[in-house]
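S.K.: Sequence below, structure please.
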Amino acid sequence: MTNDIHFRAASPADADRCYEIEISAYEGDEAATREKIATRIAQYPEGFLVMERSGQIVGFINSGCAYDVVMSDEAFKELVGHDAAAPNVVIMSVVVAPAEQGKGYSTLLMETFVGRMRAMGKATIHLMCKDRHVDLYRKFGYEYVRPSESDHGGMAWHEMILVL
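M.R.: Below you'll find the predicted structure:
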């Protein structure tokens with residue numbers, strides 16, 4: 001299953017494909033705009049991991065880093081306040097193209113991302129997720145923190161953390 005899977009940092013040329021996947025997998029206003037995706041690639045490509053299968057992007061995780069993590073900070077989604085040297089990683093999107101879901105790719109993607117962040121010497125990884133994903137992230141080793149103050153996309157979110 002995984003011998004045709006390849007991981008790499010995103011490049012500016014990946015913005016359109018990543019945006020296609022983002023809007024196909026996220027509901028309504030919770031999807032990032034193409035501009036936000038392009039900004040994340042440009043400003044922190046080492047925190048924007050793409051997964052390719054047979055040369056085609058099928059999923060990605062993007063993130064920023066902060067010294068003081070405020071998960072409800074909407075400006076941070078445009079990397080306002082991001083500092084690549086900071087020890088705390090904040091995941092903004094974890095997404096696998098709908099046609100590729102159910103094949104174990106999200107696990108492979110998360111494990112690879114966590115390994116890369118650990119190798120970079122990061123201390124923690126933070127994320128927000130919906131109710132239905134809390135147990136999934138617990139399986140990856142994340143601990144539940146609290147219901148989030150964020151109402152991003154008009155939805156309820158939960159904050160989780162993984163200590164590396």
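
S.K.: what's the closest non-adjacent residue to Ser63?
M.R.: Counting by C-beta to C-beta, 6 or more residues apart in numbering, Gly47 is the residue found nearest to Ser63 once chain neighbours are left out, at 4.1 Å. Glycine gets a C-beta too; all of them are placed from N, C-alpha and C.

S.K.: Do you have the strands of this structure handy? List them.
M.R.: For the chain, applying DSSP state E gives strands covering 5-9, 48-53, 56-66, 88-96, 124-129, 143-147, 158-163.

S.K.: Out of those, flag the one nearest Gly81.
M.R.: Gly81 lies closest to strand 56-66 among the strands of the chain, at 6.1 Å (C-beta to C-beta).

S.K.: thinking again about what came up before, possible to save the strands of the chain as a markdown table with distance to Thr39, mean neighbour count and mean pLDDT?
M.R.: Output for these, formatted as a markdown table (distance: least, C-beta to C-beta, whole Å; neighbours: other C-beta atoms under 10 Å; pLDDT from 0 to 100):
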| stretch | distance to Thr39 | mean neighbour count | mean pLDDT |
| --- | --- | --- | --- |
| strand 5-9 | 15 | 15 | 96 |
| strand 48-53 | 10 | 22 | 97 |
| strand 56-66 | 10 | 23 | 97 |
| strand 88-96 | 11 | 22 | 95 |
| strand 124-129 | 19 | 21 | 95 |
| strand 143-147 | 26 | 12 | 95 |
| strand 158-163 | 23 | 18 | 96 |
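
S.K.: how close does the residue nearest to Ser63 sit to Asn88?
M.R.: 12 Å (C-beta to C-beta, to the nearest Å).

S.K.: what sits in contact with each of those two?
M.R.: Both Gly47 and Asn88 are contacted by Cys65, under the criterion C-beta atoms under 8 Å, 6 or more residues apart in numbering.

S.K.: picking up where we left off before, would you format the strands of the chain as JSON lines with distance to Ser72 included?
M.R.: Below are the strands of the chain laid out as JSON lines (distance: least, C-beta to C-beta, whole Å):
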{"stretch": "strand 5-9", "distance to Ser72": "27"}
{"stretch": "strand 48-53", "distance to Ser72": "22"}
{"stretch": "strand 56-66", "distance to Ser72": "13"}
{"stretch": "strand 88-96", "distance to Ser72": "11"}
{"stretch": "strand 124-129", "distance to Ser72": "8"}
{"stretch": "strand 143-147", "distance to Ser72": "11"}
{"stretch": "strand 158-163", "distance to Ser72": "9"}
